[in-house]
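J.: Fold the following for me, if possible:
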Amino acid sequence: MKHGLFIGIDGGGTHSTAVAAWPDGQIAAIAQGGGLNYFNDGVETVRLRLESMVRELCSKADAPAQRICVGMSALDAPADEETLALFTTGILPRGQLDLQSDAYIALMGFTRGEPGMIVICGTGSMLLLLDETGGQHVSGGWGYLLGDAGSGYTLAREGLLAVINESDGVGPQTALTARALAYFGADIPRRLIDRIYAPDCTPDKVAGFARHVIAEAETGDPLAREILSRNMHRLAGLAAQLQRKSPQARRVGLYGGIFAHSGTARSDFASALAALSPQSAICSLDYPPELGAIIHLLRKEDALTGDVLARLKETYEEARR
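T.: Have a look, this model is predicted:
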């Protein structure tokens, strides 16, 4: 008997990964697509991208979709009926589509529905806790203009402020100045104005400077080290405060480019959280967000077993080789 597909999509700001699996956990197809942040690209564009990925998966697997879960970077909670209606005006039926935050599907790939917290730190940052009743509690995620502690954009912005302070004579010398001039293609600090306010200088481009802030922090530049440490301590403070919502959510997963590429960031965060919340345990993520979306769907169908989980992981690794 042929069953419909369970489709999970990690809908990032600039890139999305979509996976289709059979109910037994066997991966059926993988597809890639553009970003699904409708604040950036508009609802119609995002809806068409979403439909295109679903069609591609169904065509590759030669089967219809049964359930679809999308983790969207534009959401920080399950979509309400008004938002859901925006994406079900085309080929996707209302009862088939489940829209969640990208943080939630990452969390599901970590806890598989058990209490826990995920701290995401990439271009932006956000924390999401799942309590013992399945309730979601969010912190951070205010966006680059309002400030995301520890995010790539915030680290970059604070690094650039150190460069500005040196240039204006109100701050100490820092190796970040040479890094900033090279990264943005400026010959003197004042030329950074033209580069950063140029129409093509996106938040992602600015956030990319964070890797230079991290590099200098790890090689000993005092200002860069202070910026990274302060941000990780602030992020840990948010995590400790959020954990009060559910003391059972002791397991904390770290996800995103800042944590992936900086052992110092991970260490600073872990030590700060241990001081504030000694019962916490930093753990690794076993399943990527796109599989977390499928895990969410399988749990809703009461079809998630140890065998299914093992098959999801094994066949996804095989399919990506």
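J.: hey, let's count contacts and neighbours off CA atoms from now on
T.: Noted.
J.: Just checking, which helix or strand of the protein averages the lowest pLDDT?
T.: Lowest by mean pLDDT, DSSP states H and E among the helices and strands of the chain is helix 38-41, with a mean of 86.
J.: Quick check: can you list the domain ranges of the chain?
T.: If you go by automatic domain parsing, the domain ranges for the chain are 5-112+287-320, 152-283.
J.: now residue 113, nearest residue through space, not along the chain?
T.: residue 134 (7.2 Å; Cα to Cα, 6 or more residues apart in numbering).
J.: Please tell me I have it right and residue 264 contacts residue 220.
T.: No - judged on Cα atoms under 8 Å, residue 264 makes no contact with residue 220 at a distance of 11.3 Å.
J.: quick one, which of those two is more surrounded?
T.: Neighbours per residue, other Cα atoms under 10 Å: of residue 264 and residue 220, the larger number sits with residue 264, 19 against 13.
J.: Select the longest helix from the chain.
T.: The residue-count maximum for a helix in the chain (DSSP state H) belongs to helix 222-243.
J.: List the buried residues for it?
T.: For helix 222-243, burial by neighbour count (16 or more other Cα atoms under 10 Å) applies to 223-225, 227-240, 242-243.
J.: what's the answer for stretch 33-48, then?
T.: Result for stretch 33-48 [16+ other Cα under 10 Å]: buried residues 33-38, 43, 46-47.
J.: ranges for the strands of the protein?
T.: 5-11, 15-21, 27-34, 65-72, 97-101, 116-121, 125-130, 136-140, 251-255, 281-283 (DSSP state E).
J.: To what extent is residue 86 buried, counted in neighbours?
T.: Residue 86: 13 neighbours (other Cα under 10 Å).
J.: Chain neighbours aside, what residue packs nearest to it?
T.: Excluding its sequence neighbours, the residue lying closest to residue 86 (Cα to Cα, 6+ apart) is residue 43, at 7.1 Å.
J.: Isn't that neighbour up against residue 84?
T.: No - using Cα under 8 Å, residue 43 is not in contact with residue 84; the gap is 10.9 Å.
J.: Could you report the separation of residue 26 from residue 164?
T.: 54 Å (Cα to Cα, to the nearest Å).
J.: One more: residue 229?
T.: 20 Å.
J.: Same question for residue 18.
T.: 42 Å.
J.: for residue 51, same thing?
T.: 45 Å.
J.: Residue 110 too?
T.: For residue 110, the distance to residue 164 - Cα to Cα - is 40 Å.
J.: neighbour count winner among the two?
T.: residue 110 (26 against 17).
J.: Can you read off the pLDDT for the more buried one?
T.: Note for residue 110: predicted pLDDT of 91.
J.: Kindly format the C-alpha coordinates of stretch 141-159 as CSV.
T.: Extracted C-alpha coordinates of stretch 141-159, given in CSV (Å, rounded to 0.1, in the frame of the first residue of the first chain):
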residue,chain,number,x,y,z
GLY,A,141,14.8,37.1,18.1
TRP,A,142,14.1,40.9,18.0
GLY,A,143,15.9,41.2,14.6
TYR,A,144,19.0,43.1,13.7
LEU,A,145,17.7,46.6,14.1
LEU,A,146,16.5,46.0,17.7
GLY,A,147,19.4,43.8,18.7
ASP,A,148,19.9,40.0,18.9
ALA,A,149,22.5,39.2,21.6
GLY,A,150,25.4,37.2,20.3
SER,A,151,24.2,37.2,16.7
GLY,A,152,26.5,37.7,13.7
TYR,A,153,25.0,41.1,13.0
THR,A,154,25.4,42.3,16.6
LEU,A,155,29.0,41.1,16.8
ALA,A,156,29.8,42.8,13.5
ARG,A,157,28.1,46.0,14.5
GLU,A,158,29.8,46.2,17.9
GLY,A,159,33.1,45.4,16.2
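J.: buried stuff in that stretch?
T.: So for stretch 141-159, counting by 16+ other Cα under 10 Å, buried means 141, 143-144, 147-159.
J.: Give me the subset of those residues that lies in helices.
T.: 152-159.
J.: can you redo the residues you listed as CSV with pLDDT?
T.: Converted to CSV, these look like this (pLDDT from 0 to 100):
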residue, pLDDT
152, 95
153, 95
154, 97
155, 98
156, 97
157, 97
158, 98
159, 98
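J.: and the residues you listed as TSV, adding distance to residue 99?
T.: Converted to TSV, those look like this (distance: Cα to Cα, whole Å):
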residue	distance to residue 99
152	26
153	26
154	28
155	30
156	31
157	32
158	34
159	36
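J.: Alright, calling it a day.
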